[in-house]
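A.B. asks: Quick one, what's the 3D model for this:
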Amino acid sequence: MSRFLMPTSEAGRYQGWRRCDLCHWSGRAAAFITLTHDQDATDICTHDWCWGNEFVRQQLLADGWTLPGWES
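C.D. replies: Residues are numbered from 1 along each chain as shown. Sure, this is the predicted structure:
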């Protein structure tokens, strides 16, 4: 799980960014979900090749990863 702040075009302002633990794409935090598995957590992007892919999503859920507050 990689989270960091990136400067914006406004001087002195920053926004949250994340790096996908599956494909390593980096972007704004709004483009990610955080899954948990026991005490572990991971950030996954919502692109078609990661969480947006039905096969990948079902595999993650089958492996025991869950979205907090969401029933699979």
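A.B. asks: next structured bit after the helix or strand of the chain with the lowest mean pLDDT?
C.D. replies: Taking all helices and strands of the chain together, the one with the lowest average confidence (mean pLDDT, DSSP states H and E) is strand 2-7, at a mean of 87. Sequence-wise, the next helix or strand beyond strand 2-7 is strand 14-19, with elements assigned using DSSP states H and E.
A.B. asks: same for that following strand, what does it pack against?
C.D. replies: Using 3 or more C-beta pairs under 8 Å, 6 or more residues apart in numbering; DSSP states H and E as the contact criterion, the elements in contact with strand 14-19 are strand 2-7, strand 26-28, strand 40-45. From N, CA and C alone the C-beta is placed, and that goes for glycine too.
A.B. asks: what angle do the first one and strand 40-45 make?
C.D. replies: Here strand 2-7 runs at an angle of 50 degrees relative to strand 40-45 (axes from the mean of the first three to the mean of the last three C-alpha atoms, to 10 degrees).
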